[in-house]
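I would like the atomic coordinates for the input below:
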Amino acid sequence: MIKSYIISILVLSLIALSPLADAGCSCSGGTWDPSAFLNLELGNAQPTQTGSTPNSDGAAPESGSQKILNRAASFPNGELLKPMKSVSSSDVVIDVSNTDSYTASHIKDAVWIPTRNFLDDEGKLKSVQELAGILGDAGVSRDDSIVLYAGKESSGEAEFAFLVLKYLGHEDVTLLDGSLTDWKSSGLPVDSLHNKRPGVEYKPDVVSRILADYEYVKSGQARILDVRPFVEFGKGRIPGSSAMDPSNVIKGDKIKYGDDLGIVFSRLDRDTPIVVYSDDYSRSSLVWYTLQLMGYEASIYDWEDWKAHQASSDKEITSPASTKDSDGSRYTKLGRT
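Presented below is the predicted three-dimensional model:
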């Protein structure tokens with residue numbers, strides 16, 4: 001009798017406690033919230049890793065979740081990155097992928113503006129009026145809070161879109177710190193609709209210093225970084241420029257942490273402005289954006305413009321065999337870690 005009584009008490013206790021256990025569940029459902037994209041802490045969808053090795057300084061490593069949350073803090077200008085957990089429905093999210101990945105799946109409510117739309121048939125940046133028209137037709141105004149992302153995070157496409165918006169004077173624009181794959185793996189909302197916003201007038205306020213011109217590049221006031229493939233650098237370059245491979249600013253499919261970028265850019269003087277040039281805006285924008293993250297003053301230049309000016313004045317573009325960089329070396333390659 002006593003034994004049956006004790007068993008009954010235990011069963012009743014378990015039933016009474018079960019709602020408390022459910023209430024304390026740290027489940028990640030990715031439920032859509034009309035006031036925010038996220039309704040969970042980033043990383044809950046991933047199991048905690050154990051058995052990690054210590055950091056180089058001997059300290060215990062951060063958990064994967066904590067490291068992601070603290071990532072922006074590793075950069076002097078980390079506010080240019082948007083953690084996935086802080087994206088809200090008040091942000092205008094733009095998928096800038098040049099592939100058709102948008103039609104298959106994208107962040108919920110995101111609009112699609114491929115970066116190829118910013119270039120003319122010759123690969124040159126379109127006029128300010130044309131760029132503003134593209135954004136306005138997509139329902140983007142200069143007062144919007146914009147979050148950019150591309151299907152492939154390290155492609156340079158999102159960084160190029162960031163460059164264009166900054167050139168047009170857009171203040172509240174960031175890059176999503178994560179890929180669409182990261183977004184999905186965290187259980188966050190996606191859709192496959194071709195989202196449209198009502199057209200608006202985009203009123204640019206051009207920041208001309210973002211795009212360097214020929215006279216400025218030729219003046220010698222800035223450190224010049226050539227981010228074309230190194231074989232192209234060897235064939236011809238702007239005199240005094242240094243070669244840099246854009247892949248050195250990324251690790252895996254993400255921009256490196258601030259400490260690693262500090263090593264990549266260690267030979268650059270923070271007091272000297274930098275001009276990044278290439279014949280591909282995505283390559284140059286990727287490096288330019290990381291320089292912005294690290295607090296450098298930098299601008300973009302087009303290699304084709306340099307060649308055009310040199311040809312019009314009947315000068316050689318450059319002679320690598322006889323031209324030395326400012327530090328005395330024939331070639332200076334930056335960015336290896």
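
And what about the residue lying closest to His170 once chain neighbours are set aside, helix, strand or coil?
If the residues on either side of it in the chain are set aside, His170 comes closest to Arg142, at 5.6 Å by C-beta to C-beta, 6 or more residues apart in numbering. Glycine gets a C-beta too; all of them are placed from N, C-alpha and C. Following DSSP: H, G, I helix; E, B strand; the rest coil, the label given to Arg142 is coil.

Could you pull up the contacting residues of Arg142?
Contacts here follow C-beta atoms under 8 Å, 6 or more residues apart in numbering; on that basis Arg142 touches Leu168, Gly169, His170, Glu171, Tyr202, Lys203, Pro204, Asp205.

can I assume Arg209 sits in a helix?
Yes - assessed by three-state DSSP, Arg209 belongs to a helix.

That one touches Ala298, doesn't it?
No - here Arg209 does not reach Ala298: they are 9.8 Å apart, not a contact under C-beta atoms under 8 Å.

Comparing the two, which residue is more hemmed in?
Between Arg209 and Ala298, counting by other C-beta atoms under 10 Å, Ala298 is the more crowded of the two (24 against 13).

Quick check: pLDDT value at the more buried one.
Predicted confidence (pLDDT) at Ala298: the value is 98.

Who does the residue nearest in space to the middle of the chain form a beta bridge with?
For the chain, the residue whose C-alpha lies nearest the mean C-alpha position (C-alpha atoms, centre = their mean) is Leu175; its distance is 4.6 Å. Taking DSSP bridges, one obtains Leu81, Leu148 as the residues bridged to Leu175.

Which stretches in the stretch 151-300 of the chain count as strands?
When secondary structure is read from DSSP state E, counting those that start in this stretch, the stretch 151-300 of the chain shows strands at 173-176, 190-191, 223-226, 242-244, 250-251, 254-255, 274-278, 298-302.

Please work out the angle formed by the directions of the helix or strand that the last one is followed by and strand 298-302.
Put plainly, it is strand 298-302. Taking DSSP states H and E as the definition, the helix or strand that follows strand 298-302 towards the C-terminus is helix 303-312. Interaxial angle of helix 303-312 relative to strand 298-302 (axes from the mean of the first three to the mean of the last three C-alpha atoms, to 10 degrees): 60 degrees.

list the buried ones in helix 303-312?
Under the neighbour-count criterion of 16 or more other C-beta atoms under 10 Å, helix 303-312 has Trp303, Asp305, Trp306, His309, Gln310 buried.

now do stretch 187-197
By neighbour count, and taking 16+ other C-beta under 10 Å as the criterion, the buried residues in stretch 187-197 are Gly187, Leu188, Pro189, Val190, Asn195.

Looking at the residues you listed, spot the one nearest Ala161.
The shortest approach to Ala161 among the buried residues of stretch 187-197 belongs to Asn195, at 16.7 Å (C-beta to C-beta).

Pretty sure that closest one sits against Ile107.
No - using C-beta under 8 Å, Asn195 is not in contact with Ile107, being 9.8 Å away.

Mutual contacts of the two, please.
In terms of C-beta under 8 Å, 6+ apart, Asn195 and Ile107 are not both contacted by any residue.

before we move on, the earlier item: turn the buried residues of stretch 187-197 into JSON lines, including pLDDT.
Compiled in JSON lines, the buried residues of stretch 187-197 are given as follows (pLDDT from 0 to 100):
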{"residue": "Gly187", "pLDDT": "92"}
{"residue": "Leu188", "pLDDT": "94"}
{"residue": "Pro189", "pLDDT": "94"}
{"residue": "Val190", "pLDDT": "95"}
{"residue": "Asn195", "pLDDT": "95"}
